[in-house]
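Q: Need coordinates for the below:
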Amino acid sequence: MSSVSNKTYYLWGEFSHAEYSLLNQLQQRANDRFNGPDFKVHLTLSGPFYELNERILDGLEDLVVTNDSIDMRTNGYGAEDNIYQSFYIKIQLSNKLLRLKKKLDYFLKIDSKDFNPHISLFYGMKEFDVKNELIMRMTSPPKII
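A: Numbers count the residues shown, from 1 in each chain. Alright, predicted model coming up:
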């Protein structure tokens, strides 16, 4: 009898300690205003995928070792009517970031979809006028992450 896993995996990009601290402060400000859930700030690079085995872990480790960190330019804040992209920092799509995404998707056998790189600060549903009000009050995100 075979068992089917119902787990879903995503690959995240994370940040240096100093950047994480600053991004976490911005997230706390949004969550204080919107009463949102706690989660680690990140940039989703690829997913979903449904299998995690030694071959995949070894391949991902090779990709990590052979790829340098990427400097990303921010484009202010964004808001959508989507629970997981409700309030976020917009990231400019660079060639380096797009190449990394394509490598990951190819390795994981994921069909590349539209890629909207962003760093979520709030998960949940709020009205646009409330989100726009917070955008006006927030300090600008760092220009380069």
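
Q: ok, and the closest non-adjacent residue to the residue positioned nearest the centre of the chain?
A: The chain has residue 43 as the residue nearest its centroid, 2.1 Å off, counting by CA atoms, centre = their mean. Counting by CB to CB, 6 or more residues apart in numbering, residue 13 is the residue found nearest to residue 43 once chain neighbours are left out, at 4.1 Å. C-beta here means a position set from N, CA and C on the backbone, and glycine is covered the same way.

Q: how much space between that neighbour and residue 104?
A: Distance, residue 13 to residue 104, using CB to CB, to the nearest Å: 10 Å.

Q: what residues are shared contacts of the two?
A: Residues touching both residue 13 and residue 104 (CB atoms under 8 Å, 6 or more residues apart in numbering) are residue 45.

Q: ranges for the strands of the protein?
A: Taking DSSP state E, the strands of the chain run over residues 9-13, 43-49, 74-79, 87-91, 118-122.

Q: For residue 129, find the nearest of the ones you listed.
A: The minimum distance between residue 129 and the strands of the chain falls on strand 74-79, with 10.1 Å, by CB to CB.

Q: can I get the CA coordinates of the closest one in CSV?
A: Below are the C-alpha coordinates for strand 74-79, written out as CSV (Å, rounded to 0.1, in the frame of the first residue of the first chain):
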residue,chain,number,x,y,z
THR,A,74,13.1,47.3,-3.7
ASN,A,75,10.2,49.3,-5.3
GLY,A,76,8.3,50.5,-2.2
TYR,A,77,5.2,48.8,-0.8
GLY,A,78,2.4,46.9,-2.6
ALA,A,79,-1.0,45.6,-1.6
